[in-house]
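Undergrad: build me a structure from this.
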Amino acid sequence: MKYPLGKEPNKTKEKIINYSNRGMDLESDINITNEYYRSIDKAFIYKKPTPIQVVKVDYSKNKKITEAYFKESSTTDYNGIYKGKYIDFEAKVTNTLSFPLRNIKNHQIEHLIKIKEGEILNILSIDLDFLTENLRELKYGKDKFIIENPLKFNIIARLIEKNKDKIIYLKEHGEIIDYIDKPCIMYNFDHHHDIYYQEESKEECHKMIEFGTKEYKLLESCWVYYLFISGYITKYKCFVNYNTHISTDVLQYGFEFYLNYYDEFNPYKQDLYNTNFDKVFVVLSPDYTEDDAIKAVLELIGLDDKFER
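TA: Numbering: from 1, shown residues only. Next up, the predicted model:
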């Protein structure tokens, strides 16, 4: 075709709209808001890191990951906790006045349905130092230890007997975070409350969640706070000894502490014997007690042949 002046007229190029990053502004606003809420201890909500499988690492460049792939589809973008309530949501935007439900993936819908319909789990954790603190070493006689409070041992032995088929054995308490992936009420028998003991531990927990890392040795003394701000502990009931140190700082989160051991049929007024626990953890904690005391406690609660130390 011949054109005037021999030139083809300019064609108006169709504007191409890229929607791939349209949600980034929204996510940025949410992230900034969540960061502010965390700084004033109002809410603890995080963007979930997507699990990856590392294939290659260049160790000559500060351990730089050079090849990796996503291990599984992500569920939702955010989860956390606000005033003891679990929060789980997906961040979506639309350029219309309506919101197409097809924008939400099937696996995300299934995840949210499970969260909505799934009951809050009941988790029982028993740190053996809760009992070893109630043993006193004898210097004379055939018995090596004397029990200061036999009722505590009776309570634990009865709970162990009732839940033997659900027990998961751990060496250190920080390992528990690998087994908690749903919101729960945590019942913890422990000489240490394990929320946190230093402000630095709180900061490290936030960093671990943000970057998807785990420092088990550090978590040994702050795993409760880690699971709490992750949204997995919705209520924490801690059964401690009379000489357990509890600072006023950890009381701000609404956690419950129990020291009354004198109602044999309904210890701590919680009716624990009739509670259906979904998982039960028994924790050795060798850094806080001697081997002889651990052995004595295991025998007293009927686990001497169960625990591999």
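Undergrad: correct me, but residue 259 touches residue 243?
TA: No. Here residue 259 lies out of contact with residue 243, judged by C-beta atoms under 8 Å, at a distance of 9.9 Å. Using the backbone N, CA and C atoms, a C-beta is placed for each residue, glycine as well.
Undergrad: higher neighbour count, those two?
TA: Using other C-beta atoms under 10 Å, the more surrounded residue of residue 259 and residue 243 is residue 259, with 13 against 8.
Undergrad: can you give me the strands for the stretch 1-150 of the chain?
TA: Here the stretch 1-150 of the chain has its strands, by DSSP state E, counting those that start in this stretch, at 44-47, 52-58, 64-70, 78-82, 85-89, 121-127, 135-137, 145-147.
Undergrad: try the stretch 151-300 of the chain
TA: So, for the stretch 151-300 of the chain - with DSSP E, counting those that start in this stretch - the strands run 167-170, 184-189, 233-239, 256-258, 279-283.
Undergrad: now those as TSV including mean neighbour count and distance to residue 82?
TA: Shown next, in TSV, are the strands of the stretch 151-300 of the chain (neighbours: other C-beta atoms under 10 Å; distance: least, C-beta to C-beta, whole Å):
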stretch	mean neighbour count	distance to residue 82
strand 167-170	16	29
strand 184-189	23	16
strand 233-239	21	10
strand 256-258	14	18
strand 279-283	22	25
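Undergrad: quick one, which of those strands is nearest to residue 95?
TA: Of all the strands of the stretch 151-300 of the chain, strand 233-239 sits nearest to residue 95, with 36.3 Å by C-beta to C-beta.
Undergrad: same for that closest one, what does it pack against?
TA: Where contact means 3 or more C-beta pairs under 8 Å, 6 or more residues apart in numbering; DSSP states H and E, strand 233-239 is packed against strand 184-189, helix 223-229, strand 256-258.
Undergrad: worst average pLDDT in these?
TA: The minimum mean pLDDT among the helices and strands packed on strand 233-239 belongs to strand 256-258 (a mean of 89).
Undergrad: tell me which helix or strand of this structure sits lowest on mean pLDDT?
TA: strand 52-58 (a mean of 64; mean pLDDT, DSSP states H and E).
Undergrad: what's the single longest helix in this structure?
TA: The longest helix of the chain (DSSP state H) is helix 24-39.
Undergrad: what helices and strands are in contact with that one?
TA: Against helix 24-39 (3+ C-beta pairs under 8 Å, 6+ apart) you get strand 44-47, strand 78-82.
Undergrad: one step back: ok, which of the helices and strands packed on strand 233-239 comes nearest residue 178?
TA: helix 223-229 (10.4 Å).
Undergrad: can I get the closest one in PDB, CA atoms only?
TA: Extracted in PDB, the C-alpha atoms of helix 223-229 (Å, rounded to 0.1, in the frame of the first residue of the first chain):
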ATOM      1  CA  TRP A 223      10.300 -20.600  72.700                       C
ATOM      2  CA  VAL A 224       7.000 -19.500  74.300                       C
ATOM      3  CA  TYR A 225       7.400 -15.900  73.100                       C
ATOM      4  CA  TYR A 226       8.500 -17.200  69.600                       C
ATOM      5  CA  LEU A 227       5.300 -19.300  69.200                       C
ATOM      6  CA  PHE A 228       3.200 -16.500  70.700                       C
ATOM      7  CA  ILE A 229       4.200 -13.800  68.300                       C
END
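Undergrad: what's next to it, contact-wise?
TA: With C-beta atoms under 8 Å, 6 or more residues apart in numbering as the test, helix 223-229 has contacts from 38, 44, 46, 80-81, 173-174, 176-177, 180, 186, 188, 193-196, 201-202, 205-206, 208-209, 219, 233, 236, 238, 253, 255.
Undergrad: run a quick neighbour tally on the closest residue to residue 157 other than its chain neighbours.
TA: Distances taken as C-beta to C-beta, 6 or more residues apart in numbering put residue 301 closest to residue 157, at 4.5 Å, once the chain neighbours are dropped. Neighbourhood size, residue 301 [other C-beta under 10 Å]: 21.
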